[in-house]
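Chemist: prediction below, plus the sequence it came from.
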Amino acid sequence: MGVFEGSGRAVTLNDVAERACVSVATASKALNGRKDVAALTRARVLEAANALGFSPNLMARGLLGGRTGTVGLLTGDLEGRFVIPILAGAEDAFAGQLNVFLCDARGDAIREQHHLKALLSRRVDGIIVVGRQTDPRPSLGQELPVPVVYVYAPSDDPRDLSLTPDNRAGGRQAVEHLIACGRVRIAHISGDPSYAAARDRLAGARAALAEAGLELVGDPLFSTWSEGWGRDAAAMLFQRHRDIDAVFCGSDQIARGVLDSARDLGHRVPDDLAVIGYDNWEVLATNSRPELTSIDANLEQLGREAARTIFEAIDGDDIGQGVRFLPVRLVIRGSTIARR
């Protein structure tokens, strides 16, 4: 922040916007390095900021123009595998420009309402709601005085904006990779079928198989998201279908169990059998033998996108509504090397 000579008053973002003849929202975007600002406009804003002695390092106060400079992150599963990387991505995007109040409702609706009231009483400028699975969750409603973005678990109200990984695309990518590796006898082992993620990944896998003129070997096997289930399911598969040459697993934990059973029963991975997981949980994937190919849901990018959207909403932009499916990516390791 600077001060006007002789006035003692701190220079605000409004002053910069007025001098540059742009809106406050445009000034904040220009100083924030956003790509949707014309180069000449950005230069004019930066020139105005320099002339007035405005410091972008204190952007939060000027950017929000009288707001509190805080955002609430409301989750139901702080200890979960998915919440932490989403939070890390959001914090990276905020980069000190906004402070985050983190609240864990532990899956309890009453506790969630308590946390919501506490966040609103602190006059947060926006709320990011992070779910523990990709099934739709109840909306917080349309009467809240601040913008809300739902992440991972989409809202059940289409008027809300939700960001979630594209699990259908992930299932498709997994099977397309296996087919590209020369595999044609592909089975599927996944977790709890009541999870939308399990159903969506299977739907994507089946679509890729159908396009290649193939079908799954046997019925898809569902149970828990665990290594133990992966071991048991793989043992059943190998007994019933001795000629399978690939297994697409609904999670990395399941895939680790499949690798164990394959080793115990003399199936060489990847020579005899290719195995691919889901989630790209690196502590599991990189410590598997061989290292595990997996689909990465790009959770940190999901968090960064949520933070960017909150910035837009605070700026007064229309962030839209409905569910946006964000891209996932294939991470290739030693468990699916193509046959020679």
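Modeler: Sure thing, it's come through.
Chemist: quick check, residue 163 in contact with residue 322.
Modeler: No: using C-beta atoms under 8 Å, residue 163 is not in contact with residue 322, being 10.5 Å away. In short, each C-beta sits where N, CA and C put it, glycine included.
Chemist: who has more neighbours, those two?
Modeler: Ranked by neighbour count (other C-beta atoms under 10 Å), residue 163 and residue 322 place residue 163 first, with 22 against 12.
Chemist: mind checking how far that one is from residue 308?
Modeler: Relative to residue 308, residue 163 is positioned 10 Å away (C-beta to C-beta, to the nearest Å).
Chemist: so where's the stretch 151-300 of the chain uncertain?
Modeler: Along the stretch 151-300 of the chain, no part satisfies pLDDT under 70.
Chemist: mind listing the strands in it by residue range?
Modeler: Here the stretch 151-300 of the chain has its strands, by DSSP state E, counting those that start in this stretch, at 161-165, 186-190, 221-222, 246-249, 274-278, 293-296.
Chemist: the stretch 1-150 of the chain now?
Modeler: Under DSSP E, counting those that start in this stretch, the stretch 1-150 of the chain gives strands at 70-75, 99-104, 127-130, 148-151.
Chemist: show me the contacts for the residue nearest to residue 300 when sequence neighbours are not counted.
Modeler: Spatial nearest neighbour of residue 300, chain neighbours left out: residue 89 (3.5 Å); criterion: C-beta to C-beta, 6 or more residues apart in numbering. Remark: with contacts taken as C-beta atoms under 8 Å, 6 or more residues apart in numbering, residue 89 is in contact with 299-307.
Chemist: what pLDDT is listed against residue 89?
Modeler: Per-residue pLDDT puts residue 89 at 91.
Chemist: please tell me how far it sits from residue 329.
Modeler: Look at residue 89 and residue 329: by C-beta to C-beta, they are 14 Å apart.
Chemist: helices of the stretch 51-200 of the chain, start to end?
Modeler: Applying DSSP state H, counting those that start in this stretch to the stretch 51-200 of the chain gives helices spanning 59-64, 83-94, 109-121, 167-180, 196-211.
Chemist: what does the last one contact?
Modeler: I take that to be helix 196-211. For helix 196-211, the surrounding residues in contact (C-beta under 8 Å, 6+ apart) are 133-136, 167-176, 179, 186, 188, 190-193, 215-216, 220, 222, 248, 250, 278.
Chemist: just the buried ones from the residues you listed, in ChimeraX syntax?
Modeler: Here is the ChimeraX selection string for the buried members of those, based on 16 or more other C-beta atoms under 10 Å:
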select :133,134,135,136,167,168,169,170,171,172,173,174,175,176,179,186,188,190,191,216,220,222,248,250,278
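Chemist: let me know which of the strands of the stretch 151-300 of the chain is tucked in deepest.
Modeler: Comparing these by mean neighbour count (mean count of other C-beta atoms under 10 Å), strand 246-249 comes out on top with a mean of 31.
Chemist: that older thread, let's have the helices of the stretch 51-200 of the chain in CSV, adding distance to residue 11.
Modeler: Below are the helices of the stretch 51-200 of the chain laid out as CSV (distance: least, C-beta to C-beta, whole Å):
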stretch, distance to residue 11
helix 59-64, 8
helix 83-94, 23
helix 109-121, 30
helix 167-180, 47
helix 196-211, 49
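Chemist: which one of these lies closest to residue 263?
Modeler: Judged by C-beta to C-beta, the one of these that comes nearest to residue 263 is helix 167-180, at 19.3 Å.
Chemist: distance of the residue nearest to residue 300 relative to residue 299?
Modeler: From residue 89 to residue 299 the distance is 7 Å (C-beta to C-beta).
Chemist: likewise for residue 207?
Modeler: Per C-beta to C-beta, residue 207 is found 24 Å from residue 299.
Chemist: who's more crowded, the two?
Modeler: Between residue 207 and residue 299, counted using other C-beta under 10 Å, residue 299 has the larger neighbour count: 25 against 15.
Chemist: domain ranges for this structure?
Modeler: Domain assignment of the chain by automatic domain parsing yields the ranges 13-64, 70-165+299-327, 167-297.
Chemist: quick one, which of those domains is nearest to residue 335?
Modeler: domain 167-297 (4.6 Å).
Chemist: straight-line length of that closest one, end to end?
Modeler: By C-alpha to C-alpha, to the nearest Å, the extent of domain 167-297 from end to end equals 8 Å.
Chemist: chain center to that domain: distance?
Modeler: 22 Å (C-alpha atoms, centre = their mean, to the nearest Å).
Chemist: ok, stretch 331-340 next?
Modeler: Taking the mean of its C-alpha atoms, stretch 331-340 sits 25 Å from the chain's own mean (C-alpha atoms, centre = their mean).
Chemist: name the residues that touch it?
Modeler: 177-178, 180-182, 246, 255, 259, 269-271, 274-276, 280, 285-286, 288, 290-296.
Chemist: how about stretch 108-125?
Modeler: In contact with stretch 108-125 (C-beta under 8 Å, 6+ apart) are residues 64, 67-72, 74, 76, 98, 101, 103-105, 127, 138, 140, 144-146, 310, 314.
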